[in-house]
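Visitor: give me the fold of what follows.
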Amino acid sequence: MKLAVVGSINIDQTVVAERIPLKGETLPGSSLHYIPGGKGANQAVAMAKLGAQVEMFGCVGDDDNGRQMVANLVKNGVETSHIKVAEGVPTGIAIITVGDNDNTIIVVKGANGLVDRAYVDSVKDALLSYDMVVLQHEIPLDTVHYVVELCAEHGIPTVLNPAPAAEVPMDIFEKVTYLTPNEHEAVLIFGKARSTEELLKAYPEKLIITQGSRGVSTALKSGEVLNVPVRKANVVDTTGAGDTLNGAFCVRISQGDDIESALKYANTTASLSTEKFGAQSGMPTAAEVEKAMEGAK
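Guide: Got it, this is the predicted structure:
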């Protein structure tokens with residue numbers, strides 16, 4: 001199976017402190033790191049590290065950060081031949097604070113804002129040669145919806161991770177194969193009228209809601225709500241854990257796993273990613289995941 005990711009490519013500027021500062025507060029930081037990131041690139045790397053054949057579609061600036069981010073994707077086994085290099089626009093950047101086993105993130109879109117319909121049209125033939133297309137919300141939402149519609153027309157499954165939080169029109173939701181919001185994103189999309197359980201039962205094996213320390217949930221076609229608990233971890237950095245989960249889920253579901261098996265694998269993979277520093281650098285290999293899952297039996 002060949003997987004494509006249409007999404008963001010950022011450099012993460014990550015500062016480590018004892019805890020997240022309060023509003024108006026100044027705290028000393030213990031270290032500063034510049035790390036490859038972007039939700040799209042993170043998910044592509046997570047898939048590649050698990051052995052998938054994956055290509056990244058997106059834009060970087062004609063700057064050192066852009067060249068480094070593309071080189072990093074190549075190093076991790078991600079195909080990059082259709083990434084656009086935009087002149088006069090900086091590569092996207094995320095400002096991240098890590099502290100007390102949590103993080104805060106501010107994203108400046110930069111070249112990610114140029115992943116537009118014209119770009120998609122320029123790579124359409126290549127994109128439509130893939131078996132599954134994965135998207136997030138760090139590129140223009142119009143582009144996300146355009147890609148979903150394009151893939152639906154051609155019978156290509158799509159996975160939409162609606163983060164950062166933004167509304168997903170119901171006609172787009174109906175066309176995606178899997179939607180993977182967290183609890184807060186689910187409320188923004190569907191409102192507060194229905195509980196998480198009611199929402200899941202309304203969209204069995206389509207809606208997958210991540211719930212932090214409570215794991216991840218979906219509803220089976222039988223109507224049963226499936227809750228997959230988290231694996232206990234020695235947490236170092238949670239940055240990229242959600243991207244790791246999404247990437248791992250896409251790999252396993254595209255390989256024919258049932259949804260329960262795919263989510264158990266994804267949860268283990270995400271948990272392992274929190275035990276190392278950095279989003280992409282902390283992502284485990286398939287061998288590491290298999291070892292952890294064997295040890296849990």
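
Visitor: so what's residue 168 closest to, chain neighbours aside?
Guide: Among residues not flanking residue 168 along the chain, residue 189 sits closest, at 4.9 Å (Cβ to Cβ, 6 or more residues apart in numbering). Every C-beta, even on glycine, is put in place using the N, C-alpha and C of the backbone.

Visitor: tell me the pLDDT of the most centrally placed residue in the chain.
Guide: Geometric centre of the chain, nearest residue: residue 243, 3.2 Å, by Cα atoms, centre = their mean. Confidence at residue 243, expressed as pLDDT, is 95.

Visitor: was I right to think it contacts residue 36?
Guide: No: under the criterion of Cβ atoms under 8 Å, residue 243 is not in contact with residue 36, lying 11.8 Å apart.

Visitor: shared neighbours of these two, which are they?
Guide: Taking Cβ atoms under 8 Å, 6 or more residues apart in numbering as the contact rule, residue 243 and residue 36 both touch residue 279.

Visitor: just give the nearest non-adjacent residue to residue 166, would you?
Guide: Using Cβ to Cβ, 6+ apart, the nearest residue to residue 166 is residue 137, at 5.1 Å.

Visitor: tell me how many other residues surround the one you found.
Guide: Residue 137 has 22 neighbouring residues, counting by other Cβ atoms under 10 Å.

Visitor: check residue 142 too.
Guide: A total of 10 residues lie near residue 142 under the criterion other Cβ under 10 Å.

Visitor: just residue 124 next, same as before
Guide: 13.

Visitor: tell me how far it lies from residue 118.
Guide: 11 Å (Cβ to Cβ, to the nearest Å).

Visitor: then residue 63?
Guide: Taking Cβ to Cβ, one finds residue 63 at 22 Å from residue 118.

Visitor: the more surrounded of the two?
Guide: A direct count of neighbours by other Cβ under 10 Å for residue 63 and residue 118 places residue 63 higher, at 19 against 10.

Visitor: from what I can see that one touches residue 90, true?
Guide: Yes: in this structure residue 63 lies within contact range of residue 90 using Cβ under 8 Å: 5.9 Å.

Visitor: hang on, the earlier thing: pLDDT at the residue nearest to residue 168, what is it?
Guide: Looking at residue 189, its pLDDT reads 95.

Visitor: could you grab the helix/strand/coil label for it?
Guide: helix (DSSP: H, G, I helix; E, B strand; the rest coil).

Visitor: list the contacts for it?
Guide: 162, 167-168, 173, 179, 181.

Visitor: and the two most separated of these?
Guide: 167 and 179 (12.2 Å; Cβ to Cβ).

Visitor: more crowded one of the two?
Guide: Taking neighbours as other Cβ under 10 Å, residue 167 and residue 179 compare with residue 179 leading, 22 against 14.

Visitor: what distance do you get for the more buried one to residue 66?
Guide: Residue 179 is 30 Å from residue 66, by Cβ to Cβ.

Visitor: quick check: mean pLDDT across stretch 275-295?
Guide: 87.

Visitor: quick check, distance from it to the centre of its chain.
Guide: 16 Å (Cα atoms, centre = their mean, to the nearest Å).

Visitor: list the contacts of that stretch.
Guide: The contact list for stretch 275-295 (Cβ under 8 Å, 6+ apart) reads 12, 14, 33, 35-37, 41-42, 45-46, 49-51, 72, 76, 231, 233-237, 239-240, 243-244, 247-248, 264-265, 268-269, 271-274.
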